[in-house]
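> My questions are about this predicted structure, shown below with the sequence.
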Amino acid sequence: MSKTVLVTGATGYIAKHLVLQLLDAGYTVKGSARSLSREGELRDALGPRLSDPSALDRLSVVPLDLSSDDGWDKAMEGVDVVMHTASPFPLSQPRDENDLIRPAVDGALRAVKAARAAGVTRVIMTSSTAAVVTKDPAPGQTQFTENDWTDVTHPAATAYVKSKTMAEKAVWDWHASDAPDMQITMINPSFVQGAPLDDNFGTSIQVIERLLKGKDPLLPRFGFTCVDVRDIALMHIRAMERPESIGKRFIGADRYLWFQDFGLILKAQHPSRKIPTRLAPNALIRFLALFDPSIRTIVPTLGRKDVASGAQAEKILGISFRNVEDAIREAGAYLVERDLV
């Protein structure tokens, strides 16, 4: 008998790919959204891409808000596994960091507590490498692994970084002190790329959008470990299917790319566009950050190469990570073909 999986934040960029793969694999999915008005959006995104369009009959949508207890009991009815993906990822940071931190922490705890109250013990949660790499590496350390934890007092720890770190730690702490019977796995994506399933995409793709629009004449010495969105979706499913994943964190990571690499990849694909490929002096980036909040967040990490390793996901989950450069090209092609840039 097929498992029923509750996917929170089902209209998100990663979550849509996750729901697609779950339905294609034969699972029944309850997707949560803050408003049922977005159910049509989800069905329209998934329908044309499903191997069997009738798989949509195994999808239902329930209203849930991370900031409210309302509806969680009903959402958990008949559910075997919870996949909690819902958490905000802003391009710029809020004036009050608690506007981001509190919903992330409270929402994560609300999800796992509601699952336990309903007798659902299996939870796969989407965290981030933001909860891993924002720290000073140990002497000689060249890669960060699941054993590393972000230092929330580090100068590079933005509100988003703090929100992901504190939310994940809150869940592990709750598990250790109050709910050792819960079977929890964390998925820690690096910077996620790949074509979205519709035009309602988030911050990851907005970075590609910004480059294709040529908004910045020069690029900062800044980068990310990157991963294909389809691999992150698959990691959630493999974690559910493999008991050896219980109690572990798994970094989703293909390779490290500088922002300049993004520009060069997209420029080669779209040579007629004014896509920036030249590096800006760090001093210029610091000056521009005084006026642009989205630039301000990267200043503390200028020139840093924080590489995260996906080796554990390869070994335990059996993931063969796709070349994320192809995912960047696919995201760029999607935006151009849809006249979104």
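Okay, I see it.
> Tell me where the model's unsure across the stretch 1-150 of the chain.
The model of the stretch 1-150 of the chain has pLDDT under 70 over residues 1, 87-94.
> 50 instead, please
Along the stretch 1-150 of the chain, no part satisfies pLDDT under 50.
> how about the strands in it?
Per DSSP state E, counting those that start in this stretch, the stretch 1-150 of the chain carries strands over the ranges 4-8, 28-33, 59-63, 81-84, 122-126.
> Among those strands, which comes closest to residue 209?
Residue 209 lies closest, by CB to CB, to one member of the strands of the stretch 1-150 of the chain: strand 122-126, at 22.3 Å. Backbone N, C-alpha and C define where each C-beta goes, glycine included.
> just checking, what packs against that closest one?
Using 3 or more CB pairs under 8 Å, 6 or more residues apart in numbering; DSSP states H and E as the contact test, the elements touching strand 122-126 are strand 81-84, helix 98-117, strand 183-189, helix 229-241.
> One more pass at 6 Å, please.
Strand 122-126 is packed against strand 81-84, strand 183-189, helix 229-241, with contacts defined by 3 or more CB pairs under 6 Å, 6 or more residues apart in numbering; DSSP states H and E.
> can you list contacts of the second one?
Surrounding strand 183-189, the residues in contact under the criterion CB atoms under 6 Å, 6 or more residues apart in numbering are 121-129, 132, 175, 227, 232, 235-236, 239, 245-246, 249-252.
> mean confidence score for whatever helix or strand comes next after it?
As assigned by DSSP states H and E, the chain's next helix or strand after strand 183-189 is strand 191-193. The pLDDT scores in strand 191-193 average 97.
> Off-centre distance for strand 191-193?
Here the centre of strand 191-193 is set off from its chain's centre by 7 Å, with CA atoms, centre = their mean, to the nearest Å.
> After that strand, which helix or strand is next? Please name it.
Toward the C-terminus, strand 191-193 is succeeded by helix 203-212 as the next helix or strand (DSSP H and E).
> Identify all contacting residues around that next one.
Here helix 203-212 makes contact (CB under 6 Å, 6+ apart) with 89, 91, 192, 196, 263, 266, 275, 331-332, 335, 341.
> most tightly surrounded among the helices and strands packed on strand 122-126?
Comparing those by mean neighbour count (mean count of other CB atoms under 10 Å), strand 81-84 ranks first with a mean of 27.
> partner strands of that strand, parallel or antiparallel?
With DSSP bridges as the test, strand 81-84 is paired with strand 4-8 (parallel), strand 122-126 (parallel).
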